[in-house]
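Give me coordinates for this.
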Amino acid sequence: MKTNSGPALTFTVAAALIAGVTLGSSGSNVMPVFVDDFADRFHLSSTSAGLVAASQLTAVAITTLLLTHRAARPGRVRMARGGLALAAVGFIGAAIAFDILTLILAGLLLGAGLGAVYAASTAALAGADGDPDKTSSITIIGALFASALLLLAVPAVNESAGGGTGFFLLAVCCLPGWFLVGRLPDGPDPASSPSATAPDAASRPARPSAVLLAGAGLLMAVTQGVWSYASVLGRGHTGMSASVLSAVLAISSVVALAGAVAGPLAVKRFGRLRSMTGFVAVEALSTGLLIATHSPTLFIATAVIWQTCWLAVLVQILAAASVIDSTGRWVAALSGAGALGGGIGPLAVGAIMDNMGVGVLSILLTAGTLIAALPLLKMTASSDAAADTASASPHPQATPIARTATEKPASPAE
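Numbering: from 1, shown residues only. Below is the predicted model:
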């Protein structure tokens, strides 16, 4: 079902969305490599390296949240390109940093730039004309493949050319990104056609509530926390080696891409609310099993199921937000809240695991997944209602009133 009158999801539009989301989230996706790099270059402890990483991730999240309203208006291409320029300067600064303070300042700079790119690109997900589930699915699948290439390329460059050169590689990636984001769907212009394309203040959806944003943040905190410690948990519980676990997690990530395809298919078959409820329930159960199991076979199976369900849920969250608010403000706000939760998650999971044990962690994260999903499921129900209303109500511009032969169009003064 078409939810807006933006540009069609052509190859160039899809490439713009994938490039923007990939680069906007590159800070968090490539963070394990970043941490290894600057911990080795500056001889940092795990705690110090974690604080440097957390400062960068927090800068991305806060910038994304601050720019959600701006990203809902025209000018997304300009915002994304400005963010890429700022991020490139930050990446270069991180590459040539000579002490920890310079590294932190460079991280804050590139975090602010990536946050602007992420806000513009995630908001643009709601701007493409077509099926929001298909748009979200294609973007997420493409961004995951591109992020996987970066995860392979950055450490390879560091090893071959020396520490810090991986940051130069990401700075270079901002150049093709500059051209690709030029086709991002723009926000609606209220002044251009107030009656056809831009809803008035009364009909425009309210801002996402604090409870909804907290739910998105908590869900991402659980997800990122589990992912960060998946190798540690698998090695300690199942006896698998680090190399085997790396291969298992990499393969499971690729197989789990089926979730990004299964999500939209389940929506068409069962409806958005029922399908997302099912995926969330399975995700919560597999989260608990992944943490607690001592069986290598069960660990591998739950890793695949958990990631598959998470991608299906993520696609449906973005699509539901796009249906409710076609300006993209909801999508950008939820993405920013998720980024903030993603930065907090590993710290929280590590603290719980050290102080309370794995058994308590399993229960808390299973419950946390279910609790976090409640406001998101409520949003999903609202999106179903909005979609039903849009399907039942004809668009005003699609049903012009016929005129008689003697009737003339009214002038603007009339």
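
who are the neighbours in contact with Ala119?
Residues near Ala119 by C-beta atoms under 8 Å, 6 or more residues apart in numbering: 24, 63-64, 67-68, 70-71, 79, 83, 332, 335-336. To be clear about C-beta, it is placed using only N, CA and C from the backbone, and glycine gets the same treatment.

Kindly indicate which of these lies nearest Leu290.
Nearest to Leu290 out of the contacts of Ala119 is Ser335 (C-beta to C-beta; 24.7 Å).

Run a quick check on the closest one versus Tyr118, I expect a contact.
Yes. The pair Ser335 and Tyr118 passes the contact test of C-beta atoms under 8 Å, sitting 6.3 Å apart.

what sits in contact with each of the two?
Residues touching both Ser335 and Tyr118 (C-beta under 8 Å, 6+ apart): Thr64.

what stretches of this protein score poorly on pLDDT?
Low-confidence segments of the chain, defined by pLDDT under 70: 1-6, 46-47, 129-130, 187-205, 246, 384-414.

for the stretch 151-300 of the chain, what spans make up the helices?
165-180, 210-228, 230-238, 242-255, 258-270, 272-292, 296-324 (DSSP state H, counting those that start in this stretch).

out of those helices, deepest packed?
helix 296-324 (a mean of 24; mean count of other C-beta atoms under 10 Å).

The residue nearest to Val323 when sequence neighbours are not counted: helix or strand, and which one exactly?
With sequence-adjacent residues excluded and distances taken as C-beta to C-beta, 6 or more residues apart in numbering, Val323 is closest to Ser383, at 4.2 Å. With secondary structure defined by DSSP states H and E, Ser383 is part of helix 358-392.

so can I have a markdown table of the helices of the stretch 151-300 of the chain showing distance to Lys378?
Putting these into a markdown table (distance: least, C-beta to C-beta, whole Å) gives the following:
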| stretch | distance to Lys378 |
| --- | --- |
| helix 165-180 | 35 |
| helix 210-228 | 8 |
| helix 230-238 | 30 |
| helix 242-255 | 30 |
| helix 258-270 | 17 |
| helix 272-292 | 9 |
| helix 296-324 | 10 |
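
what's next to stretch 154-170, contact-wise?
Taking C-beta under 8 Å, 6+ apart as the rule, stretch 154-170 contacts 26, 30, 33-34, 36-38, 40-41, 87, 91-92, 94-97, 150, 153.

Which entries within those residues meet the buried criterion?
26, 30, 33-34, 36-38, 41, 87, 91-92, 94-95, 97, 150, 153 (16 or more other C-beta atoms under 10 Å).

Against Leu245, how distant is Lys268?
Per C-beta to C-beta, to the nearest Å, Lys268 is found 36 Å from Leu245.

Kindly report the same for Asp36.
Distance, Asp36 to Leu245, by C-beta to C-beta: 17 Å.

Which of the buried ones among the contacts of stretch 154-170 fall in helices?
Of the positions in the buried ones among the contacts of stretch 154-170, 26, 33-34, 36-38, 41, 87, 91-92, 94-95, 150, 153 sit in helices, assigned by DSSP state H.

Quick one: residues contacting the residue most central in space within the chain.
Taking C-alpha atoms, centre = their mean, the centroid of the chain lies closest to Ser335, which sits 5.1 Å from it. Contacts for Ser335 (C-beta under 8 Å, 6+ apart) come out as 64, 118-119, 122, 318.
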